[in-house]
Every structure is written in structure tokens, then in C-alpha cells.
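Peer 1: mind looking at a prediction? Sequence and model below.
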Amino acid sequence: MNMKSKTKKILKITGIGISLLLIVVIAYVFQRTRDRHPGYSLDLKLLAANTAAGTLKVGFAIEKITPELPDTWADADSNAQYEPEKGDTYVDGNKNGKFDAYWLAGFDNKRAANGIHDDIWARAIVWDDSASVVGLVVLDAIGFFNDDVITVRKMVAEQIPEIINIDIIILL
């Protein structure tokens, strides 16, 4: 096999490899940017210029959102990481045969909650001036993303139809 033939073969293989890589990248980008909530829209328009606001009403609420921990675990090497390969074991509190953990954010990987030190809360305030209604919810949570916010907005509209007149729900 001569040098020219080897070069053509290498270029052909390289071209096929780059083409396949490009197809994978395009598929990944398409999957990551698709509309995960088709038909959802958010209208942020408030009062029209000629709409008069009425008496301001304000409401507050607080709700404990601390999850129950079905399973606990024993940390064999006291490193605060659930590592069964290093001897950590769990107590199957709900008797389903698997470790049902709430994984904690921050510090390191493999950090399963092993108890509750403080409760976590959802706090809300709603302003209503008869022209617009705005609700603000603050969560003690890390990792509550836009998809979660959209899901909550839809759940509120479906499960609590009597408050469908809320113009904007803001989650922080």
C-alpha cells in the first residue's frame, strides 16, 4: 500500500469520525433545548393604563415542607458519605428493600440525609389590588429550576382553580 492510499484512508476514517461526532453533538443540543413544556406561556403584562387599582389586600402563608426520611443509615467510617462498599448500612424504615435517601446538596457527593436538624419551609405572600394579583413564594431549597417552577404554576392552576385569577406566581 502506497503513501497516497494510506493518507486517503486516514482522511476518510477521520472524516467519518468527525461526521459521527457532529451528529452526536447536534442530537445532544436538540435534546437539551427542546420545549419541555409545550403550550406553556407566561404573560407578564400587568395593568392596562386605564385600569384603576382598588383597595390593596395582602395575604401571608407558611408551610412546612420538610420531607419524612423513610430510611436512616449507619456511617461506618464517620465521613458523612453513604458508601455501602466501605461498610455503611441502612435501616429500611419503609420495608421496601431499597435505600430511599434524600440526597443533600453541597459539600461533597454521596451525602444522604440521616436525620432532620431543622425544618424547611415554604413562605408565601400575595398582593391583590383588584386589578392585578401577584404571588411570591420563597422556598428553603437548592436546585429548584425553571422546569420545577412551571410545574408548580400548572399544579396551582389545576388543583386550586378558585385562585386562577393570580396574574403572576414568583418562586424564589
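Peer 2: Okay, I see it.

Peer 1: every contact and neighbour count from this point should use C-alpha atoms.
Peer 2: Noted.

Peer 1: where does the prediction get shaky in this protein?
Peer 2: 1, 42-52, 107, 162-169, 172 (pLDDT under 70).

Peer 1: mind redoing it with 50?
Peer 2: Scanning the chain with the threshold set as pLDDT under 50 gives no residue ranges.

Peer 1: how about the helices in it?
Peer 2: Using DSSP state H, the helices found in the chain span residues 3-33, 146-159.

Peer 1: reformat the ones you listed as TSV; add mean neighbour count and distance to I120.
Peer 2: Formatted as TSV, these follow (neighbours: other C-alpha atoms under 10 Å; distance: least, C-alpha to C-alpha, whole Å):
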stretch	mean neighbour count	distance to I120
helix 3-33	11	31
helix 146-159	13	17
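
Peer 1: hey, where'd the strands end up in this protein?
Peer 2: 57-64, 72-74, 89-91, 121-128, 133-139, 168-171 (DSSP state E).

Peer 1: mind putting the helices of the chain into CSV with distance to V137?
Peer 2: Shown next, in CSV, are the helices of the chain (distance: least, C-alpha to C-alpha, whole Å):
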stretch, distance to V137
helix 3-33, 27
helix 146-159, 10
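
Peer 1: indicate which one of those helices is closest to L69.
Peer 2: Set against L69 and scored by C-alpha to C-alpha, the helices of the chain come closest in helix 146-159, at 21.6 Å.

Peer 1: with just CA atoms, put that closest one into CSV.
Peer 2: Listed next in CSV are the C-alpha coordinates belonging to helix 146-159 (Å, rounded to 0.1, in the frame of the first residue of the first chain):
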residue,chain,number,x,y,z
ASN,A,146,-37.3,26.7,35.8
ASP,A,147,-39.0,23.3,34.9
ASP,A,148,-40.0,22.9,38.6
VAL,A,149,-41.4,26.5,38.6
ILE,A,150,-43.5,25.8,35.5
THR,A,151,-44.7,22.5,37.0
VAL,A,152,-45.8,24.3,40.2
ARG,A,153,-47.6,27.0,38.3
LYS,A,154,-49.5,24.4,36.3
MET,A,155,-50.3,22.4,39.5
VAL,A,156,-51.7,25.6,41.2
ALA,A,157,-53.9,26.3,38.1
GLU,A,158,-55.2,22.7,38.0
GLN,A,159,-55.5,21.8,41.7
